[in-house]
Each structure stands twice: as C-alpha cells, then as structure tokens.
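S.K.: Build me a model:
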Amino acid sequence: MGLDLVLRIAGVGILVSVLCTILKQQGKEEYSLLVATAGLVVVFLMLVQHIDELLSSVRSVFQLW
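M.R.: Numbering: from 1, shown residues only. Now for the predicted structure:
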C-alpha cells in the first residue's frame, strides 16, 4: 500500500492540474471543472479498497463484529 499508492495519487493530481490549466487558458472552464471532478472520482475509487481494509482492521482490533 505504501509508496506506490501515494505516487499514483500524485500522478493523477499532477495530470489533472495540468489539464485544468490548459483548459482554463483555452476558455473551457466547464470542461476544466469536469476534468477536476473526474480526477477526484478516480482517486476515491483507488482509495475505496484501502479504506475497506482499514475498517476491517479496526473491527478486528476492537472486536466489533
């Protein structure tokens, strides 16, 4: 989970910021907002599995279920 996930998230962030900057310079603010939203969704989808693992670990540590 370590550095690989952080680098993938950083890569998506850099790509989205470059695309948003280019689109804003071209006068396409609507598309820039869509690209930023899509980038956010992609990062959340990447994190869903790891959040599930975290919650499972918390449940097992505190013996909740």
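
S.K.: Just give me how far whatever helix or strand residue 60 lives in sits from the chain centre.
M.R.: Under the criterion DSSP states H and E, the helix or strand holding residue 60 is helix 29-62. Helix 29-62 has its average C-alpha position 6 Å from the chain's average C-alpha position, going by C-alpha atoms, centre = their mean, to the nearest Å.

S.K.: Give me the helices and strands touching that helix, please.
M.R.: helix 2-25 (3 or more C-beta pairs under 8 Å, 6 or more residues apart in numbering; DSSP states H and E). C-beta coordinates here come from the backbone N, C-alpha and C atoms, glycine included.

S.K.: Against residue 35, how distant is the residue nearest the centre of the chain?
M.R.: For the chain, residue 43 is the residue whose C-alpha lies nearest the centre (C-alpha atoms, centre = their mean; 1.6 Å). Residue 43 sits at a distance of 13 Å from residue 35 (criterion: C-beta to C-beta, to the nearest Å).

S.K.: Can you pull out the low-pLDDT segments for the protein?
M.R.: Along the chain, segments meeting pLDDT under 70 span 1, 65.

S.K.: List the contacts of the residue nearest to the centre of the chain.
M.R.: 9, 12, 13 (C-beta atoms under 8 Å, 6 or more residues apart in numbering).

S.K.: So which of these is the closest to residue 51?
M.R.: Here the nearest of the contacts of residue 43 to residue 51, counting by C-beta to C-beta, is residue 9; it sits at 13.3 Å.

S.K.: Now that closest one. Nearest residue, chain neighbours left out?
M.R.: What sits nearest to residue 9 in space, not counting adjacent residues and going by C-beta to C-beta, 6 or more residues apart in numbering, is residue 43, at 5.6 Å.
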